[in-house]
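**Student:** Predicted model and sequence follow; I will ask about them next.
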Amino acid sequence: MDMRTISSRCTFGPGSSHSTPAMAAAAPPSTTTTDATITAAAAAATTTTCISSTSTATTIFSLTEDDLREIFLRLPDLRALIRAALTCRPWLQAIRSSRPFRRLFRALHPAPLLGLFLEIGNSSAPSFLPLRRSDPVVAAALRRGDFFLTSLPPLSTGWAFADCRDGYVLLWNMMPKRPSLVALNPMTWAIDVLPRLPGQIATGSRRDFAVLGFHLLCSDERPWSFRVACVCADQRRVRVAVFSSEAWEWAVRPWVHVGGNCSLKYRAGTLVGGSIFWPYQGESRMVRIDTATMDISFLDLPPEVEVAGFNFAVGDTKNGELCIVYESGFFLFVWTRLSVDGTEVWAPPTILSLGEELDRHTLASVLDVQLDLKIVQVRSGLVHLSSTCMTHAGTLHCWFFSLPLETMELELLLEGSFEGDVHLYNVAWPPSLVGDDESIGHE
């Protein structure tokens, strides 16, 4: 619908502005949405003059749910959508009743990054480092949330980070055989202490049995439930155990032979789309686990890739295509998985030199220090990296960057003297914007 047409056909009551709330909501993404904008929209909605059935004029109440969703897609971010949704019941209904709209909005407006969880030394639990403290939304979340993880049950061995997704944080005690796990939501203070892994998870294992790591399997469309996948391996085999919050029990899958002489990389799996990808240390291949069926297959990597340390990450582009990012000598290589004549292949890589940009931010060459670069995460077309160096004074300094794959422009997000493994925490899609199948029909 043309917005100029809406504007010329709308009639408002005395004292109201000639610009419609639809026009305000349909501002391009570069326009900043303020409290005043949403308030004005609500006021206009409640003061709209009723037009007789014989009139050709259109009021805001004449907008269909499809019209409203088309307008909401032009809001700049999730924060603006939440405020618009809570203006009135019809606007909330338009969002809650359409799963395709929510999927498209999430694709166009990825969940904002709230901060970083850091695993520092022998601390009893990860520490949280917020980004953009001056942002009122961040400040409110920090005041009301449990980002210091005070609700964690006490544990003599301490809690280590396992995964973070859709607002949930998964922690474990890193016991080699039957570890304890906790899933919590810092925003809502919700916490679930999971049953310990069943003893049969190691049954039939041969030498070198190990728990490689865990993954949260959850969805913005079902925020009230989640699953946890535990990936285990012995010398040449892999098996998966899956916990369901609805059944509240673990299901252990059979062993699958994968070879590799127990070279699957510890705590290196990545959930992308509907699969978990797990690389081999020093090899050019990955294990792929389908999260719907838990079937295990293999995926070859480009021959140039040799997984070692933190030089490699699996992720997805903004369009949801599988991609891998590989770093060597401060050059970043990006491969995207494409389908050519029904066959999946790796497209030729995009190559970016990061040396000059890193030096501009860190002044490493001026200070004569050696930088260490790590790929932290690749998600929705956004690469996050961290760089550290040891200063001549003997202190560790760290920089945290983001790099959109579309623009390839490095942006400094954070600088400080922190250390340890970094895990990103993004704001989850609010459950209040998701319709319950029992009360609101989905498309």
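**Tutor:** Perfect, thanks for sending it.

**Student:** quick one: low-confidence ranges for the stretch 1-150 of the chain?
**Tutor:** 1-57 (pLDDT under 70).

**Student:** who's in contact with stretch 143-163?
**Tutor:** Contacts with stretch 143-163, where a contact means CB atoms under 8 Å, 6 or more residues apart in numbering, come from 115, 117, 119, 122-126, 128, 130, 141, 169-175, 180-182, 184, 186-189, 191, 193, 213-216, 271, 421, 423. All C-beta atoms are positioned from the backbone trio N, CA, C, and that covers glycine.

**Student:** and these, which are buried?
**Tutor:** Among those, those buried by neighbour count (16 or more other CB atoms under 10 Å) are 115, 117, 119, 125-126, 128, 130, 141, 169-173, 180-182, 184, 186-187, 191, 213-216, 271, 421, 423.

**Student:** Just the residues you listed: which are in helices?
**Tutor:** Using DSSP state H, A141 are the members of the buried ones among the contacts of stretch 143-163 that sit in helices.

**Student:** chain center to stretch 68-85, what's the gap?
**Tutor:** Relative to the mean C-alpha coordinate of its chain, stretch 68-85 is positioned 20 Å out (CA atoms, centre = their mean, to the nearest Å).

**Student:** about what we covered before: mind checking which of the buried ones among the contacts of stretch 143-163 land in strands?
**Tutor:** 115, 117, 119, 128, 130, 169-172, 181-182, 184, 191, 213-216, 271, 421, 423 (DSSP state E).

**Student:** what's the distance between R267 and P195?
**Tutor:** Per CB to CB, to the nearest Å, R267 is found 22 Å from P195.

**Student:** from memory A347 sits against S339, does it?
**Tutor:** No. Between A347 and S339 there is no contact under CB atoms under 8 Å: 10.5 Å.

**Student:** And these two? Which one has more around it.
**Tutor:** Shown here are A347 and S339; by other CB atoms under 10 Å, A347 has more neighbours (14 against 9).

**Student:** could I have stretch 416-431 exported to CSV, CA atoms only?
**Tutor:** The C-alpha trace of stretch 416-431 is given here as CSV (Å, rounded to 0.1, in the frame of the first residue of the first chain):
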residue,chain,number,x,y,z
GLY,A,416,39.6,-3.4,27.8
SER,A,417,41.8,-5.6,30.0
PHE,A,418,39.5,-8.6,30.1
GLU,A,419,40.5,-12.2,29.1
GLY,A,420,39.1,-15.6,28.7
ASP,A,421,36.6,-17.2,26.3
VAL,A,422,33.9,-14.9,25.0
HIS,A,423,30.2,-15.8,24.6
LEU,A,424,27.7,-13.4,23.1
TYR,A,425,24.3,-12.8,24.7
ASN,A,426,21.5,-11.5,22.4
VAL,A,427,18.1,-10.2,23.4
ALA,A,428,15.5,-13.0,22.8
TRP,A,429,12.2,-12.5,21.0
PRO,A,430,9.6,-11.6,23.6
PRO,A,431,7.2,-14.4,24.4
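
**Student:** What residues of it count as buried?
**Tutor:** 418, 420-430.

**Student:** Roughly how far does L413 sit from V169?
**Tutor:** Distance, L413 to V169, using CB to CB: 20 Å.

**Student:** so which strand or helix has E327?
**Tutor:** Element membership of E327 [criterion: DSSP states H and E] is strand 322-328.

**Student:** Quick one: mean pLDDT for the helix or strand following that strand?
**Tutor:** Once the chain leaves strand 322-328, the next helix or strand it forms, by DSSP H and E, is strand 331-340. The average pLDDT within strand 331-340 is 94.

**Student:** which residues are contacting the helix or strand that strand 331-340 is followed by?
**Tutor:** Later in the chain than strand 331-340, the nearest helix or strand by DSSP H and E is strand 343-346. Residues from elsewhere that reach strand 343-346, judged by CB under 8 Å, 6+ apart: 301-302, 324, 335-339.
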